[in-house]
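J.: Sequence first, predicted coordinates after that:
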Amino acid sequence: MALLFYNVMAWLFFHFSISFGLLLLPDSFFLSGHWSNALFKERKIEEKGKFWKKYTRVNRWKDRLPDGASLFNVGYKKKTLPNKGLDSVRLFIKETKRAELTHWLLMVPAPFFFLWNPPWAGWVMIAYALIVNVPFIIIQRFNRSRLISIEKRMEYKSK
């Protein structure tokens, strides 16, 4: 029972410290000219989100998962686009990058759980990290692909 308590406390520590730490990252880290954009660049296989829609059916389940910003009333809420303006679309794109990076980093601590857990429990922690974070990464990549298409159309229309 003590081990369960330690695991829950450790995950809570990692979730909150990583999430809130990334809220402190400057917006410039997520702008298109920054080196970090290599992490968020759409891959050819993604086909502007079609890959995620076809193979994970993300469009059917993405709205059922909670948005951390809404859950804890901090950060940018990504359930809906607040308004239809170009600035709003760009802000949403930036925040999908922040959310994706958050979920990638939330998986990093999982191997450390082998330090105080038996091997089987360490593997449960690895599974937990994947199950809890991969769906959110998929959602961010899917949404960003669609938002980038919208952004390009809006830019074209404004010219």
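T.: Everything's here; your move.
J.: mind listing what's buried in the lengthiest helix in the chain?
T.: As assigned by DSSP state H, the longest helix anywhere in the chain is helix 119-158. Of the residues in helix 119-158, 122, 125, 129, 133, 135-148, 151 count as buried by neighbour count, 16 or more other Cβ atoms under 10 Å. Every C-beta, even on glycine, is put in place using the N, C-alpha and C of the backbone.
J.: What's the mean pLDDT across it?
T.: Across helix 119-158, pLDDT averages out at 94.
J.: now stretch 96-115
T.: 96.
J.: ok, back up a step: now do the longest helix of the chain: which elements does it pack against?
T.: In terms of contacts (3 or more Cβ pairs under 8 Å, 6 or more residues apart in numbering; DSSP states H and E), helix 119-158 is packed against helix 2-23, helix 50-56, helix 58-61, helix 86-107.
J.: Which stretch among those helices is buried most, on average?
T.: Mean neighbour count (mean count of other Cβ atoms under 10 Å) peaks for helix 86-107 among the helices and strands packed on helix 119-158, with a mean of 19.
J.: That helix - contacts with which helices or strands?
T.: Using 3+ Cβ pairs under 8 Å, 6+ apart: helix 86-107 touches helix 2-23, helix 37-40, helix 119-158.
J.: Who are the contact partners of the nearest residue to residue 107 once chain neighbours are set aside?
T.: Nearest in space to residue 107, with sequence neighbours left out and distances taken as Cβ to Cβ, 6 or more residues apart in numbering, is residue 129 at 4.4 Å. Neighbouring residues of residue 129 by Cβ atoms under 8 Å, 6 or more residues apart in numbering: 106-107, 109-110.
J.: Those residues: which two are farthest apart?
T.: Farthest pair in the contacts of residue 129 (Cβ to Cβ) is 106 and 110. Separation: 8.6 Å.
J.: Count the neighbours of residue 48 for me.
T.: 13 (other Cβ atoms under 10 Å).
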